[in-house]
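K.L.:
could you work out the structure for the sequence below:
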Amino acid sequence: MKLQNLLQKLDYECVCGSLETEISKICCDSRQAVSGSLFVCIKGTDYDGHDFARKAVESGASALVTDDKEALEELAKDFTETTVIQVESARYALAYLAAAFFGEPAGRLTTIGITGTKGKTTTAYLVRSVLEQAGLRTGVIGTIETIIGKERIPSVNTTPGPLLLQEYLYRMAEAGMDAVVMEVSSQGLKMCRTEGFIFDYGIFTNLGEDHIGPGEHRDMEEYVACKSLLFRQCRVGIINCDDPQWQRVVRDHTCRIETYGFDKNADYRAQNYRLYSGHGALSTEFEVKKQGNDYGNDSGGGEEAFVFQTSTPGKFSVYNGLAAIAICDHFGVDPQTVWNALKNACVKGRMEIVETGRDYTILIDYAHNAMSLKSLLETLREYKPARLVCLFGCGGNRSGLRRLEMGEASGQLADYTIITSDNPRYEEPEKILADIEKGIIPTGGAYTVICDRREAIAYGMKNAGAGDILVLAGKGHEEYQEIKGKKYPMDEREIIRGILEKEPA
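P.N.:
Numbering: from 1, shown residues only. Predicted structure coming up:
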């Protein structure tokens, strides 16, 4: 493809060389450069792509893109036979270049982007479940994996870089898929990973004080500002209007706004929220009314609202379900199909209930910070368990404050805490556990420390009584434990099954 065709949607200056240059590949990693490559010089937190421009050219790159005016003169002087393009932002340009290189694949799909602090993963899988049941082939791009038909690709980032993202969209379009639902992280928006196309629909779940700190967002103001970018990059925004921050998130939006929540003015309103438990299961039931008429009742007025049930617990399940209902209503999916999908949907590691055949409940969740753990435990408390037992650890080479806060949350909200190992990485597990203890001791909460996570799970199951809820927090969908730079297999579902086989009911 000619360089000038890739640049059509960008403002740029060709400093030297020819726009007729044929481009065989786009990259921002010099190790991936080959003959005919277009190398985009990206300034990262720990590296500057300009420092690797020479290596890229030596590997065959025939064109360079830069946004650094100081580096520009040197690039043009050093690489006289290489085309050099100047742009305002190299990150922004990379997204548009990638979209053009793969033939604008988003235009061949109905695209749904989901942003928010919590609920992105669950909502994405719920939407996919509903659309698939309605006969629409739907891909997923998110925290756990990318799904393209029957292929499942483990994820590194919640929102992949623009080159990989556009490649996934291209593969989905080529496979004849109808739609894609993807998690859009604040970092992804900040780094322009989703530029280059307009989402058909954008969903906002909620906002909490997370991802604030070095390497992420400098403060809450920037965090909100990055989330809000999605609603200048979609046609319809579907917003949780119960969240206190929602108006800040949609400030300066360019899309049509619809809302969901318990608020009486919400376009999709939940009411009569009820909890059910028994036989090791926890579920939620709620009614939905659509502004102007009952959901699923086009005639309006008089009839009862449509009742939905989720297989996962708590009020957050209602919000996730509402978001899925609102988006799928745009696809014309009938309420009964939505009901079936919501009732049977299970998202790995997100309030995932594991069948045991015992008189207690085991639940696996990804909660790995104080805010998520607090929300999880408060949700489970609503079910009035005989005892709420929380088993968790904290990751190594992460904030020590997080450990104290998680210990405090569990000490205050759980009846009993089992402190154990998570992903210690390059730290000694015992040090991490000691840090968690410092948070739990002042609460007066009962606890024990069992460093080996397998032993901790076995202990929790052995001592679980009728009506108890045992929650395994922190690992969620992960199937490994990271120790000293190596990932060892560890799937909590398999551990539970193994324990049950050794100790049959």
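
K.L.:
wait, doesn't Phe306 sit right on Val288?
P.N.:
Yes - between Phe306 and Val288 a contact is recorded at 5.5 Å, counting by C-beta atoms under 8 Å. To be clear about C-beta, it is placed using only N, CA and C from the backbone, and glycine gets the same treatment.

K.L.:
how about Ala323, secondary structure?
P.N.:
Three-state call for Ala323 (DSSP: H, G, I helix; E, B strand; the rest coil): helix.

K.L.:
what's around it, how many residues?
P.N.:
28 (other C-beta atoms under 10 Å).

K.L.:
any idea of the pLDDT on it?
P.N.:
pLDDT for Ala323: 96.

K.L.:
what residues are up against it?
P.N.:
Taking C-beta atoms under 8 Å, 6 or more residues apart in numbering, we find Ala323 in contact with Ile114, Gly119, Thr123, Leu126, Val127, Ile203, Thr205, Ile238, Asn240, Tyr260.

K.L.:
how about those in CSV, adding pLDDT, secondary structure and distance to Val250?
P.N.:
Shown next, in CSV, are the contacts of Ala323 (pLDDT from 0 to 100; DSSP: H, G, I helix; E, B strand; the rest coil; distance: C-beta to C-beta, whole Å):
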residue, pLDDT, secondary structure, distance to Val250
Ile114, 98, strand, 15
Gly119, 90, coil, 17
Thr123, 95, helix, 17
Leu126, 95, helix, 22
Val127, 96, helix, 20
Ile203, 98, strand, 12
Thr205, 96, coil, 13
Ile238, 98, strand, 11
Asn240, 98, strand, 11
Tyr260, 97, strand, 13
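
K.L.:
highest neighbour count among those residues?
P.N.:
Going by other C-beta under 10 Å, Ile203 tops these with 31 neighbours.

K.L.:
is it true that it touches Ile114?
P.N.:
Yes - shown here, Ile203 and Ile114 form a contact pair, counting by C-beta under 8 Å, at 4.4 Å.

K.L.:
quick check: neighbours shared by the two?
P.N.:
Thr123, Ala323.

K.L.:
and Arg358, how far from Ser35?
P.N.:
62 Å (C-beta to C-beta, to the nearest Å).

K.L.:
of the two, which one has the most company?
P.N.:
Shown here are Arg358 and Ser35; by other C-beta under 10 Å, Arg358 has more neighbours (18 against 10).

K.L.:
can I assume that one sits in a strand?
P.N.:
No - going by three-state DSSP, the assignment for Arg358 is coil, not a strand.

K.L.:
quick check: it vs Ser283, distance?
P.N.:
Taking C-beta to C-beta, one finds Arg358 at 18 Å from Ser283.

K.L.:
now Ile327
P.N.:
In terms of C-beta to C-beta, Ile327 sits 22 Å off from Ser283.

K.L.:
Ile23 now?
P.N.:
53 Å.

K.L.:
before we move on, what about Ser228?
P.N.:
From Ser228 over to Ser283 (counting by C-beta to C-beta), the distance is 34 Å.

K.L.:
how many neighbouring residues does Thr83 have?
P.N.:
22.

K.L.:
who's in contact with it?
P.N.:
Thr83 touches Leu3, Cys14, Cys16, Gly17, Ser18, Leu19, Thr21, Ser62, Ala63, Leu64, counting by C-beta under 8 Å, 6+ apart.

K.L.:
in a strand, Thr284, correct?
P.N.:
Yes - under three-state DSSP, Thr284 falls within a strand.

K.L.:
number of nearby residues for it?
P.N.:
25.

K.L.:
so it touches Asn320, yeah?
P.N.:
No - contact criterion C-beta under 8 Å: Thr284 and Asn320 do not qualify, at 10.0 Å.

K.L.:
so among the contacts of Thr83, which ones count as buried?
P.N.:
Leu3, Cys14, Cys16, Gly17, Thr21, Ser62, Ala63, Leu64 (16 or more other C-beta atoms under 10 Å).

K.L.:
quick one: which of those residues is nearest Glu132?
P.N.:
Checking the buried ones among the contacts of Thr83 against Glu132 with C-beta to C-beta, the nearest one is Leu3 at 39.7 Å.

K.L.:
the closest one reaches Ser24, doesn't it?
P.N.:
No - assessed by C-beta under 8 Å, Leu3 is found out of contact with Ser24, at 11.0 Å.

K.L.:
narrow the buried ones among the contacts of Thr83 to those in helices?
P.N.:
Of the positions in those, Leu3 sit in helices, assigned by DSSP state H.

K.L.:
how about Cys394: what's its closest non-neighbour residue?
P.N.:
Among residues not flanking Cys394 along the chain, Arg403 sits closest, at 4.5 Å (C-beta to C-beta, 6 or more residues apart in numbering).

K.L.:
right, and the secondary structure at the one you found would be what?
P.N.:
helix.

K.L.:
quick one: residues contacting it.
P.N.:
Cys394, Ile432, Asp435, Ile436, Lys438, Gly439.

K.L.:
so how far is Ile419 from it?
P.N.:
In terms of C-beta to C-beta, Arg403 sits 10 Å off from Ile419.

K.L.:
shared neighbours, these two?
P.N.:
Counting by C-beta under 8 Å, 6+ apart, the residues touching both Arg403 and Ile419 are Ile436.

K.L.:
circling back to that earlier point, what's the closest of the buried ones among the contacts of Thr83 to Ala56?
P.N.:
Using C-beta to C-beta, those come closest to Ala56 at Leu64, 7.4 Å.

K.L.:
which SSE is immediately downstream of the worst-scoring helix or strand of the chain on mean pLDDT?
P.N.:
Using mean pLDDT, DSSP states H and E, strand 293-294 stands out as the lowest-scoring helix or strand of the chain, at a mean of 62. Going down the chain from strand 293-294, the next helix or strand is strand 306-310, by DSSP states H and E.

K.L.:
wait, Lys25 touches Ser37, no?
P.N.:
Yes - assessed by C-beta under 8 Å, Lys25 is found in contact with Ser37 at 4.8 Å.

K.L.:
who's more crowded, these two?
P.N.:
Ser37 (22 against 16).

K.L.:
quick one: low-confidence parts of the stretch 151-300 of the chain?
P.N.:
209-219, 293-300 (pLDDT under 70).

K.L.:
in TSV, list the contacts of Arg403 along with distance to Val354 and pLDDT.
P.N.:
Formatted as TSV, the contacts of Arg403 follow (distance: C-beta to C-beta, whole Å; pLDDT from 0 to 100):
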residue	distance to Val354	pLDDT
Cys394	22	96
Ile432	25	97
Asp435	28	96
Ile436	24	97
Lys438	31	96
Gly439	27	97
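
K.L.:
could you pick out the buried ones from these?
P.N.:
By 16+ other C-beta under 10 Å, the contacts of Arg403 give Cys394, Ile432, Asp435, Ile436, Gly439 as buried.

K.L.:
from these, which two are the most distant?
P.N.:
Across these (C-beta to C-beta), the longest gap, 11.6 Å, separates Ile432 and Gly439.

K.L.:
and Lys109, how far from Asn157?
P.N.:
That one is not Lys; residue 109 is Leu. 20 Å.

K.L.:
cool, and Cys14?
P.N.:
32 Å.

K.L.:
with Met461 instead?
P.N.:
Relative to Asn157, and taking C-beta to C-beta, Met461 is found at 34 Å.
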